[in-house]
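[1] have a look at this prediction, sequence included:
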Amino acid sequence: MGAHEHHLHQGESLKKAAREQLTSRGEQWTGMRESVFEALASFDRPASAYDIAEAVSKNQGRRVAANSVYRILDLFVGANLARRVESANAYVANAHPDCLHDCIFLICDNCGQAVHIDDDALSGGVRKAAASAGFSSARPVIEVRGTCGECDRN
């Protein structure tokens, strides 16, 4: 993974990029998938499937099961539309779904905010260390827990 520029999407641009990424993989962008993606993208911190199901339920005026949301989120993670914050069992929308990187999250233990960063040298080093130990790493996930700058100032 070489150095390159990211086009960070937000709002309608993010939804359009997500739809294009998903349909380029031969998947359909259904109304329910759009609703789940919109709900996911509306959170300012990692959201659980239950949080997303509740937001979609409120928006649609009918109950949406978390199990249905989990299946869609799994699809989104596989298509690079969302990232899973493993330690929180929660998800964030990927602001650049057209670009594949390993997951590196900085997670605030105080406010719950998670910042996704891309550092190919760091994740490449993890892959190299894994290979040296005889381990094939398909998808490194690095999570650094601590305190964000905002909470640190307060």
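    Happy to help now that I have it.
[2] please, where are all the helices along this structure?
    Per DSSP state H, the chain has helices spanning 11-24, 31-42, 49-60, 66-78, 120-132, 149-153. These are given in chain order.
[3] packing partners for the longest one?
    Spelled out, that is helix 11-24. Under the contact criterion of 3 or more C-beta pairs under 8 Å, 6 or more residues apart in numbering; DSSP states H and E, helix 11-24 touches helix 31-42, helix 66-78. All C-beta spots, glycine's among them, are computed from the backbone N, C-alpha and C.
[4] so which of these gets nearest S87?
    Of all the helices and strands packed on helix 11-24, the one in closest proximity to S87, counting by C-beta to C-beta, is helix 66-78 (15.2 Å).
[5] bridging residues for the spatially most central residue of the chain?
    Ranked by distance to the mean C-alpha position of the chain (C-alpha atoms, centre = their mean), the top residue is R83 at 2.1 Å. When assigned by DSSP bridges, R83 has beta-bridge partners V92.
[6] is it true that it touches V92?
    Yes - look at R83 against V92 with C-beta atoms under 8 Å: they come within range, at 5.3 Å.
[7] would you check how far apart the nearest residue to L122 once chain neighbours are set aside and A121 are?
    Distances taken as C-beta to C-beta, 6 or more residues apart in numbering place I104 nearest to L122, at 6.5 Å, with adjacent residues excluded. Between I104 and A121 the computed distance is 11 Å (C-beta to C-beta, to the nearest Å).
[8] between these two, which one's more packed in?
    For I104 against A121, the residue with the higher neighbour count under other C-beta atoms under 10 Å is I104, and the figures read 20 against 8.
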